[in-house]
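Trainee: Next input, structure requested:
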Amino acid sequence: MLISLFQTLILGLIQGISEWLPISSTAHLKLAGEFVGLTVTPLLNIILHLGTLSALVFFFRKEIKGLLVALAHLDFKSEDGMLIPRIVVATIPTAIIGLSYNQFLQDNLGTIPIIAATFLVGATFVYSTKFSKETQEGLPYKIALLLGIAQGFAIFPGLSRSGVTISAALLLGLKRRKAFKFSFLLSIPAIIGDFGVEAYGQWHLLSASGLTGVDVAAGFAVAAVAGYFALKILSRIVQGKKLHYFAFYTWTLGIALLLWTVLSL
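Mentor: I've put the predicted structure just below:
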């Protein structure tokens, strides 16, 4: 039990930190299993993601309340209300890409070489934000649609959801505060949808996880707390125009994994 609890705490910490920072939680959990033997069971994966989702909801609680109030009043003209149809428009391509990935590609793209390559691609994309210009005053539907497509491709292991969407928003000219806010509000329906698909597909494995109630509570709590502070840190980094610094970490990790792959042949 102690070993299981310790592993759960470590995985919760990895999930909490890497879910919102632009370094890909999926890839880091995969690497933890590959190199350290910390395997994430289907049930634990859901619990950890619920933890980081709760952190996201708490962090953006005022914005979410504003969206719900606007929706209740069918108000799509206020600052909050205008985001609702844009989130819907952006969610459509995310869902199409995500479902296609789960149906045709998921079993073939979780390898270390693929993760290494997507780390390098994602790092280059994040680094390019160093040259972004804040030229857009609003949030046109065209940009919302492009951000939804970008978020869809973030389902590939090694591509960070926050890294891809925030980088795309900045490169498309959105102001940093709006890019940060919309990217994460957009992630909520995508994460919930991903939960549903994963829980449905792996329902038969959930009861065989071997987790105790203490494991579940600890994993959830650590992921939630770490996720909340990761969001606070990332918010300051984005506002400080330093998002591109993360590229050096994922470049290094991607190159190291490629070297490991070559030397293992």
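Trainee: Quick one: residues in contact with the host helix or strand of Leu9.
Mentor: Per DSSP states H and E: Leu9 is located in helix 2-20. With Cβ atoms under 8 Å, 6 or more residues apart in numbering as the test, helix 2-20 has contacts from 24-25, 27-29, 32, 38, 40, 44, 48-49, 51-52, 55-56, 160, 162, 184, 210-212, 214-215, 218-231, 234. Using the backbone N, CA and C atoms, a C-beta is placed for each residue, glycine as well.
Trainee: Buried among these? Make that a PyMOL selection.
Mentor: To isolate the buried subset of these in PyMOL, counting by 16 or more other Cβ atoms under 10 Å, use the following:
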select buried, resi 24+25+27+28+29+32+38+40+44+48+49+51+52+55+56+160+162+184+211+215+218+219+220+222+223+224+225+226+227+228+230+231+234
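Trainee: on that earlier part again, and the helix holding Leu9, what's buried?
Mentor: For helix 2-20, by 16+ other Cβ under 10 Å, it's 7-9, 11-20.
Trainee: Also stretch 166-180?
Mentor: Buried-residue list, stretch 166-180, by 16+ other Cβ under 10 Å: 166-172, 174-176, 178-180.
Trainee: Pull the distance from it to the chain's centre.
Mentor: 16 Å (Cα atoms, centre = their mean, to the nearest Å).
Trainee: Val40 belongs to a helix, doesn't it?
Mentor: No. Val40: not assigned to a helix; according to DSSP: H, G, I helix; E, B strand; the rest coil it is coil.
Trainee: tell me the contacts of it?
Mentor: Taking Cβ under 8 Å, 6+ apart, we find Val40 in contact with Leu11, Leu29, Ala32, Gly33, Leu48.
Trainee: Tell me what angle the helix or strand where Gly219 lies forms with helix 2-20.
Mentor: Gly219 belongs to helix 213-239 when assigned by DSSP H and E. Angle between the axes of helix 213-239 and helix 2-20 is 20 degrees (criterion: axes from the mean of the first three to the mean of the last three Cα atoms, to 10 degrees).
Trainee: circling back: helices - which of the buried residues of stretch 166-180 land there?
Mentor: Ile166, Ser167, Ala168, Ala169, Leu170, Leu171, Arg176, Lys178, Ala179, Phe180 (DSSP state H).
Trainee: Check the gap between the spatially closest residue to the first one that is not a sequence neighbour and Pro22 for me.
Mentor: Counting by Cβ to Cβ, 6 or more residues apart in numbering, Ser183 is the residue found nearest to Ile166 once chain neighbours are left out, at 4.8 Å. Computed as Cβ to Cβ, to the nearest Å, the Ser183 to Pro22 distance reads 10 Å.
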